[in-house]
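Colleague: Pasting the sequence and the predicted coordinates here, then a few questions.
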Amino acid sequence: MPSLDDLKKRIKSVKSTQKITKAMKMVAAAKLRKAQENAEKGRPYSQKMQNIILNLTKSINDPENAPKLLVGTGKDKTYLCVVLTADRGLCGGFNSNICKLAKAEFKKILSEGKDLKIITVGTKGLDQIKREYGKYIINKFSFKNKKKITFHEAEIIGNEIISLFKKDEFDKCILFFNNFKNVITQIPQAQQIIPAENKDLEKKEENSISYMFEPEEDEILEDLLPKNISTQVFKAFLENAASEQGSRMTAMDNATRNAGDLVDKLTINYNRSRQASITKELIEIISGAESL
Amino acid sequence: MNEKYSVEIISPDKTILKEDATEVVIPSFEGEIGILKDHIPLITFLRPGLIKINSDSKKIFFVEEGTVEFVENKLLILTSTAKFLTDLDKNILDELINGAVKDLSNTNLTDKDKYLLTHKLETLKNINLKTF
């Protein structure tokens, strides 16, 4: 049975924790609104770019000579996995969810006897992955000291990926990030960016318009595809930023509520034991008086 | 020739411009193209230059690169470097010019890079003459 003093101290400490989580929740909520806006504003760019690429690929007659970024190297040997996580913790399962998905994929790749290369973005993911897969990590990025992630940062990653591809360092590139669905749901996703995945490409076959290309199709594609890589990375960044704040907000909301429950429970305990000691003293006084 | 069609300029982080225009002149890779309503579908990419949008008023943007699609009377310009001309001042311009000159002095440029950079420099210098 803890003493009254101990209980009092615990209640106080839980209350101050609650204050912190509450403040974090409010900060996350404010940041979330901004991040969500940014994510929504960024969507048209990547969508429209996908659309143009789709139109271009439809009109390529000679798939053999198509740019390698689009059709791949023809091999299936080395995988490059780019894992995007946050730089800060205390955001629920946000970082672990991405890492869990990524690790499952790593395992699959390795068990098929293929080579694996990893690039991590964000320190939290690096910490979780390097324990098991440290030797596969070839590069790590962190934009911890940047206040706002802009397209410039995405370009750094994009250019790194492209230069590796040009050196023939990998055949396939997969991007791991959290897709922001709404405040409480974030879905970890694996998106293949090289070669460009053409799942949706075949669906929209019917509305084919014959375009005029200036200069030739492949020249445009050669200009566009590297940009598309950076765009996809940037989109992932934006989705991730919104997801991180959303995830943190829910996590901190839960923490605040749990702290409240704990305070209630401890207060009841505290009151009971205080009453118990009062009753005990009373009994002692009464029985002392009776024995006289 | 006063019929209007819709123009959108989109950068990775936001939609910069969305309005109706009668004519848009874009600095396409192989030369300037003026686009009026009912132009045939077109996909092209940009070199550094000025995008001129003519509607009731005239708007000019400076771009370094970008991709353009015109289809069904919708003009779509995707670029990460569009700057509204009135937002530029002398300091920014000088900085851009110096950057371009420095890049040009690099000896191992490809022909394409050289071509792009010369155009960038030329455009920037012309802006300088016009506005200051």
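Modeller: Thanks, I have it.
Colleague: from here on, contacts and neighbour counts on C-alpha atoms
Modeller: Noted.
Colleague: Chain B: strands as residue ranges?
Modeller: In chain B, the segments counted as strands under DSSP state E are B:5-10, B:15-21, B:23-28, B:31-35, B:42-45, B:49-54, B:58-63, B:67-71, B:74-78, B:83-84.
Colleague: Could you dump those strands into JSON lines with distance to A:Gly74 and mean neighbour count added?
Modeller: Conversion of the strands of chain B to JSON lines gives the following (distance: least, Cα to Cα, whole Å; neighbours: other Cα atoms under 10 Å in any protein chain shown):
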{"stretch": "strand B:5-10", "distance to A:Gly74": "34", "mean neighbour count": "20"}
{"stretch": "strand B:15-21", "distance to A:Gly74": "37", "mean neighbour count": "16"}
{"stretch": "strand B:23-28", "distance to A:Gly74": "33", "mean neighbour count": "22"}
{"stretch": "strand B:31-35", "distance to A:Gly74": "36", "mean neighbour count": "15"}
{"stretch": "strand B:42-45", "distance to A:Gly74": "28", "mean neighbour count": "23"}
{"stretch": "strand B:49-54", "distance to A:Gly74": "38", "mean neighbour count": "22"}
{"stretch": "strand B:58-63", "distance to A:Gly74": "36", "mean neighbour count": "18"}
{"stretch": "strand B:67-71", "distance to A:Gly74": "28", "mean neighbour count": "21"}
{"stretch": "strand B:74-78", "distance to A:Gly74": "30", "mean neighbour count": "24"}
{"stretch": "strand B:83-84", "distance to A:Gly74": "40", "mean neighbour count": "16"}
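Colleague: weakest of the ones you listed by average pLDDT?
Modeller: Of all the strands of chain B, mean pLDDT reaches its minimum on strand B:83-84 (a mean of 84).
Colleague: Partner strands of it, with direction?
Modeller: According to DSSP bridges, strand B:83-84 forms sheet pairs with strand B:58-63 (antiparallel).
Colleague: which residues are in contact with the partner strand?
Modeller: Residues outside strand B:58-63 that contact it (Cα atoms under 8 Å, 6 or more residues apart in numbering or on different chains) are B:47-53, B:79, B:81-85.
Colleague: Could you check the angle it makes with strand B:15-21?
Modeller: 140 degrees (axes from the mean of the first three to the mean of the last three Cα atoms, to 10 degrees).
Colleague: what distance separates strand B:58-63 from the centre of its chain?
Modeller: Put simply, strand B:58-63 sits 7 Å off its chain's centre (Cα atoms, centre = their mean, to the nearest Å).
Colleague: for stretch A:212-219, same thing?
Modeller: In terms of Cα atoms, centre = their mean, the centre of stretch A:212-219 is found 37 Å from the chain centre.
Colleague: For it, buried residues please.
Modeller: By 16 or more other Cα atoms under 10 Å in any protein chain shown, the buried positions in stretch A:212-219 come out as A:213-214, A:217-218.
Colleague: on that earlier part again, now tabulate the strands of chain B in CSV and tack on distance to A:Arg272.
Modeller: Below are the strands of chain B laid out as CSV (distance: least, Cα to Cα, whole Å):
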stretch, distance to A:Arg272
strand B:5-10, 65
strand B:15-21, 62
strand B:23-28, 79
strand B:31-35, 82
strand B:42-45, 76
strand B:49-54, 77
strand B:58-63, 73
strand B:67-71, 72
strand B:74-78, 68
strand B:83-84, 69
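Colleague: Select, out of the ones you listed, the one closest to A:Ala276.
Modeller: Nearest to A:Ala276, of all the strands of chain B, is strand B:15-21, at 68.0 Å by Cα to Cα.
Colleague: Could you look up the SS state of the residue nearest to A:Arg43 when sequence neighbours are not counted?
Modeller: Using Cα to Cα, 6 or more residues apart in numbering or on different chains and skipping residues adjacent in sequence, the residue nearest A:Arg43 is A:Lys235, 7.1 Å away. Put simply, A:Lys235 is helix when judged by DSSP: H, G, I helix; E, B strand; the rest coil.
Colleague: Give me the neighbour count for A:Lys235.
Modeller: 26 (other Cα atoms under 10 Å in any protein chain shown).
Colleague: near chain A, which residues of chain B show up?
Modeller: Taking Cα under 8 Å from any Cα of the partner chain, the part of chain B that reaches chain A is made up of B:10-15, B:29-30, B:40-45, B:67, B:69, B:78, B:80.
Colleague: Please give me every residue in contact with A:Thr267.
Modeller: A:Thr267 sits next to A:Ile11 when contact means Cα under 8 Å, 6+ apart.
Colleague: Wasn't it part of a helix?
Modeller: Yes. Counting by three-state DSSP, A:Thr267 is part of a helix.
Colleague: how far away is it from chain B?
Modeller: Per Cα to the nearest Cα, to the nearest Å, A:Thr267 is found 50 Å from chain B.
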